[in-house]
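Sequence and predicted structure are below.
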Amino acid sequence: AQKVTQAQTEISVVEKEDVTLDCVYETRDTTYYLFWYKQPPSGELVFLIRRNSFDEQNEISGRYSWNFQKSTSSFNFTITASQVVDSAVYFCALSEADRGSTLGRLYFGRGTQLTVWP
Amino acid sequence: EAQVTQNPRYLITVTGKKLTVTCSQNMNHEYMSWYRQDPGLGLRQIYYSMNVEVTDKGDVPEGYKVSRKEKRNFPLILESPSPNQTSLYFCASRSRTGYTDTQYFGPGTRLTVL
């Protein structure tokens, strides 16, 4: 079973629309971390955010916001007023901290390709 | 500047010709790992290393070898590459200190095996 599910394979929006990328995770650990990475067309992986399992506060950074809900095992990412430069593949990832042997391993979702049209 | 470097960035080779992709980090991180990225599959871990001389298999280790003789370097070795190893490869490193669990990724190596 996948530990991280990104059900949306592709999303297309028009500039200035808001868009939410979904991420559902699965873990039995009580301590874990959730991440979002952006992969622009140039191919590098850009770290966006890390949340630990003890902090359910939502976070806002400019046009980006993240909604972490342990009750539904979700860590969704919203881009407000999207721009063409937001076009990229976005990956959600999970790292479990309770087991020493897998400490630090990142489990990635399959990614969501976001295309923002002008 | 803190960074993870990989070389080469692009490589085209033929089946069976041994190759090595180098990875180096300057952050004194204990933990390093290799991932491959394939369309529709996301990133999958190949091998990881918790420290010098300590390596272990990830989810897709077949056809790959690694070594960790020094803390800063973690090369990925393909002894006999095959076309199904055509992929985008990422090296990553992280520290093991407490809750600062952010992995830093290299720029990627795009490998084509003909």
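It's in.

tell me how far stretch B:61-68 is from the chain's mean position?
Using C-alpha atoms, centre = their mean, to the nearest Å, the distance from the centre of stretch B:61-68 to the centre of the chain it belongs to is 9 Å.

Show me what counts as buried in it.
Applying a neighbour-count criterion of 16 or more other C-beta atoms under 10 Å in any protein chain shown, one finds B:61, B:64, B:66, B:68 buried in stretch B:61-68. Where C-beta positions appear, they are placed from N, C-alpha and C, glycine not excepted.

likewise stretch A:106-116?
Result for stretch A:106-116 [16+ other C-beta under 10 Å]: buried residues A:106-112, A:114, A:116.

Please apply the same query to stretch B:25-37.
B:25, B:29-37.

The buried residues of stretch A:106-116 in strands, which ones?
With strands defined by DSSP state E, the entries of these inside them are A:106-108, A:112, A:114, A:116.

hmm, back to that, tell me the one among the buried residues of stretch B:25-37 nearest to A:Thr80.
Of all the buried residues of stretch B:25-37, A:Thr80 sits closest to B:Gln37, with 28.0 Å by C-beta to C-beta.

What sits closest to the closest one if chain neighbours are left out?
B:Leu88 (4.4 Å; C-beta to C-beta, 6 or more residues apart in numbering or on different chains).

do the same with A:Val14
Using C-beta to C-beta, 6+ apart and skipping residues adjacent in sequence, the residue nearest A:Val14 is A:Trp117, 5.1 Å away.

does chain B sit close to the helix or strand bottoming out on mean pLDDT in chain A?
Within chain A, confidence by mean pLDDT, DSSP states H and E is lowest for strand A:59-61 among all helices and strands, at a mean of 85. No. Between strand A:59-61 and chain B, judged by C-beta under 8 Å from any C-beta of the partner chain, nothing touches; the nearest distance is 14.7 Å.

so what strands line up beside that strand?
strand A:64-69 (antiparallel) (DSSP bridges).

Need the residues that contact the strand it pairs with.
Among residues not part of strand A:64-69, those counted as contacts by C-beta atoms under 8 Å, 6 or more residues apart in numbering or on different chains are A:34, A:36, A:48-49, A:51, A:55-60, A:74-80.

Would you map the strands across the chain?
Going with chain A. Under DSSP E, chain A gives strands at A:4-5, A:10-14, A:19-21, A:24-25, A:32-39, A:46-52, A:59-61, A:64-69, A:74-79, A:88-96, A:106-108, A:112-117.

Chain B, not that one
Under DSSP E, chain B gives strands at B:4-7, B:10-13, B:19-25, B:31-38, B:42-51, B:54-57, B:65-66, B:76-78, B:87-94, B:104-105, B:109-113.
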